[in-house]
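K.L.:
The sequence and its predicted three-dimensional model are supplied below.
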Amino acid sequence: MSELASASSAQRVLDVAPVIPVVVLEDAKQAVPLAHALAAGGLPIVELTLRTPSALEAVRRIAAEVPDVLVGAGTILSARQAQEAAAAGAKFLVSPGSTPALLDAMDDTGLPYLPGTSTVSEMLAVAERGNTAMKFFPAEAAGGAPYLASLAGPLPDLRFCPTGGITAASAASYLRLPNVGCVGGSWLTPADAVAAGDWARIAALAAEVALVAI
């Protein structure tokens, strides 16, 4: 896939839902019921972070058993992880940063991806490759909604998925911005609810944001 085609696909990832649930799973058996719960609440998308030994298997299970949910792999740090995530069935990739080698690796998978950026120089470097959809991370620590608002004028063609420190209370301040397509957050899948298998609670949390019109 060309860089421009991949960039176009990445723009579509930003439009699936107002919030992309960002999830760390310790047990791959939780993956399918979690995906069903998010979909039942109106969020047909999830980013599984590759921070646990079960993450790739969790991606495989959702890709195979819950095809209506767009499953992505996050915290991509290397070419190996990008390749493994693609082989597991991930439909999009997310990285916390954007080195040239990592961008090359993600582009080589042919999958849409949201490369991590936090400075204007990083954003411009990513945009020079034809990518106009990107992650803003760590959002709150890097300046939050006011920072992104200040970029809408000089960088009008870029759109972001801010992630990092965003809560249910602060999400709206980002979603109101013209250069924000969605936000990433972990509050939709609290660790205690996942551990307890409280899928009804997760579906309810998803429903709270799925139909929000900002």
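P.N.:
It's in. Numbers count the residues shown, from 1 in each chain.

K.L.:
for this protein, what are the low-confidence residue spans?
P.N.:
Applying pLDDT under 70 to the chain flags the ranges 1-8, 210-214.

K.L.:
Do you have the strands of it handy? List them.
P.N.:
19-23, 45-49, 70-74, 92-94, 113-114, 116-117, 133-136, 159-162, 183-185 (DSSP state E).

K.L.:
Now tabulate the ones you listed in TSV and tack on mean neighbour count and distance to Leu124.
P.N.:
C-beta: built from backbone N, CA, C; applies to glycine. As requested, those are arranged in TSV below (neighbours: other Cβ atoms under 10 Å; distance: least, Cβ to Cβ, whole Å):
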stretch	mean neighbour count	distance to Leu124
strand 19-23	25	24
strand 45-49	25	25
strand 70-74	26	23
strand 92-94	29	20
strand 113-114	33	16
strand 116-117	24	9
strand 133-136	27	11
strand 159-162	26	14
strand 183-185	25	22
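
K.L.:
got CSV for those strands, with distance to Asp104 too?
P.N.:
Conversion of the strands of the chain to CSV gives the following (distance: least, Cβ to Cβ, whole Å):
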stretch, distance to Asp104
strand 19-23, 24
strand 45-49, 21
strand 70-74, 17
strand 92-94, 13
strand 113-114, 11
strand 116-117, 15
strand 133-136, 16
strand 159-162, 21
strand 183-185, 23
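
K.L.:
Out of the ones you listed, flag the one nearest Gly143.
P.N.:
strand 133-136 (8.9 Å; Cβ to Cβ).

K.L.:
follow-up on the earlier one: which among the strands of the chain is found nearest to Arg176?
P.N.:
Of the strands of the chain, nearest to Arg176 by Cβ to Cβ is strand 183-185, at 11.0 Å.

K.L.:
which residues in this structure form helices?
P.N.:
3-14, 31-40, 55-65, 79-88, 100-108, 120-127, 144-151, 171-175, 191-196, 199-210 (DSSP state H).

K.L.:
which stretch among the ones you listed comes nearest Ala73?
P.N.:
That would be, of those and by Cβ to Cβ, helix 79-88, which comes in at 3.5 Å.
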